[in-house]
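*Asks:* Sharing a model prediction with you, sequence too.
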Amino acid sequence: MVRYPTDTQHAQLDRHFSAVAGRYRRLRDLDLRTARHVAHLLTRLRRAGPLRVLDIGSGTGRYLEAVVQLALAEHGVLCDALACDASPAMLRIGAVGAPARPVGLQRVAGLAELLPFRKAAFDAVVCFNAIHHFDLDGFLRHASRVLRGAGMLIVYTRTREQNQRTVWGELFPHFGERETRLYSAEELQAAVMRVPQFRSVSLRVARWRMETTPARLLRQAMGRCYSTFDFYEPAEFNAALHTFRWRLLMASRTDSQLTVQNDHLVVVARRY
Ligand SMILES: C[S@@+](CC[C@H](N)C(=O)[O-])C[C@H]1O[C@@H](n2cnc3c(N)ncnc32)[C@H](O)[C@@H]1O
C-alpha cells in the first residue's frame with residue numbers, strides 16, 4: 001500500500017524548501033565523483049537518440065545538470081533531461097542561471113508517488129538526496145512504470161548509519177537521532193526487490209572525503225542546509241549550534257581546515 005506523504009508533511013517540506021531554495025546551491029556540497037560515476041553508468045544505456053533521463057526530487061536540478069554535462073563531455077552521450085520536484089520554488093530557482101542548452105533541462109512539478117509521465121517514457125530514472133522524503137514503495141512502483149524495458153534506476157542517498165558518521169551526525173547535537181527518515185541499505189535493497197519489474201539491484205558505497213572549514217559548516221547550519229534542522233525548536237537549535245561551534249573548534253587542526261567524511265550509498269536497479 002502506498003502511504004502518500006500527508007498534507008501536513010507536504011506543507012512542512014514545502015515550507016522548508018521554499019525558504020532555502022534561493023540559497024540551496026550555495027549551501028549544499030556536490031559529490032562530483034558520484035556525478036561522474038552516474039554519467040558513466042548511463043553509457044550502458046546507449047540508444048539511437050538522446051537518452052531520456054528523469055530526476056525525481058531534483059530540487060534545483062544541480063546533480064542532473066552535472067550528470068548531463070559529464071555524460072556529454074566525457075562520453076559523448078547526449079541526454080534529454082527532465083527535473084521533477086514537489087517544490088515549485090526549487091524548480092523555479094533552478095531555472096535561473098542554469099547552464100544553457102544542450103545541457104538545459106526541462107522542469108516539471110510532480111510527486112514521486114504519483115509521477116505524471118506515461119509508461120516507459122524514460123531510459124533512466126535518477127534520484128539524489130531525496131528518497132527519504134518519499135513513500136518508498138509508491139516511488140519505486142512509479143519509477144518502474146515510467147522506465148522502459150532494461151531501463152536503469154539510480155538512487156544516491158545517505159543511509160541512517162552513514163548519516164551518523166558525517167560531521168553533522170558526530171558533532172551537531174542530536175542530528176543523527178532526529179533524522180529518522182533515512183533508510184538503511186537493507187531496507188532499500190528489500191524495497192527494490194519487492195517490485196517485480198526490477199530484475200537486479202546492486203549497492204555501492206560512494207566514499208566522499210571533503211575538505212571544508214568550520215566557517216563553512218557553521219554557515220551551512222545557520223542557512224538550514226538540511227531539513228533535519230526543522231526538527232529542532234528555535235531555542236534548542238541555537239543551543240545545538242553553540243555546541244557545534246565549540247566542537248568544530250576542538251576538531252579542526254587549524255582554524256581553516258577540516259577533512260570530513262560524507263559517505264553515501266548508490267543503489268542501481270535494472271528493469272526487466
Ligand atoms: C534534499 S533535496 C535534494 C534536491 C536535489 N536532488 C539535490 O541533491 O540537490 C530533496 C528534494 O526532494 C523534494 N521532494 C520531497 N518530497 C517529494 C515528493 N514526495 N515528490 C517529489 N519531490 C519531493 C523536495 O522538494 C526537495 O527539492
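*Replies:* Okay, I see it. Residues are numbered from 1 along each chain as shown.
*Asks:* Output stretch 149-165 as PDB - backbone C-alpha positions only.
*Replies:* Taking C-alpha atoms only, stretch 149-165 is exported to PDB below (Å, rounded to 0.1, in the frame of the first residue of the first chain):
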ATOM      1  CA  GLY A 149      12.400  -2.300 -20.500                       C
ATOM      2  CA  ALA A 150      16.100  -2.700 -19.400                       C
ATOM      3  CA  GLY A 151      16.000   0.900 -18.200                       C
ATOM      4  CA  MET A 152      18.000   1.900 -15.100                       C
ATOM      5  CA  LEU A 153      17.100   3.300 -11.700                       C
ATOM      6  CA  ILE A 154      19.900   5.100  -9.900                       C
ATOM      7  CA  VAL A 155      19.400   6.300  -6.300                       C
ATOM      8  CA  TYR A 156      22.000   8.300  -4.300                       C
ATOM      9  CA  THR A 157      21.300   8.700  -0.600                       C
ATOM     10  CA  ARG A 158      22.900   8.700   2.800                       C
ATOM     11  CA  THR A 159      21.800   5.700   4.900                       C
ATOM     12  CA  ARG A 160      20.900   6.200   8.600                       C
ATOM     13  CA  GLU A 161      24.300   4.700   9.600                       C
ATOM     14  CA  GLN A 162      26.200   6.900   7.100                       C
ATOM     15  CA  ASN A 163      24.400  10.000   8.400                       C
ATOM     16  CA  GLN A 164      25.600   9.200  12.000                       C
ATOM     17  CA  ARG A 165      29.200   9.200  10.700                       C
END
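*Asks:* Tell me how far it lies from the chain's centre.
*Replies:* Mean-position distance between stretch 149-165 and its chain equals 9 Å (CA atoms, centre = their mean, to the nearest Å).
*Asks:* That one and the ligand, any residue contact?
*Replies:* No - shown here: stretch 149-165 not in contact with the ligand (CB under 6 Å from any ligand atom), separated by at least 7.9 Å. C-betas here are computed from N, CA, C, even on glycine.
*Asks:* Ok, stretch 56-71 next?
*Replies:* Yes - using CB under 6 Å from any ligand atom, stretch 56-71 reaches the ligand at 56-59, 62-63.
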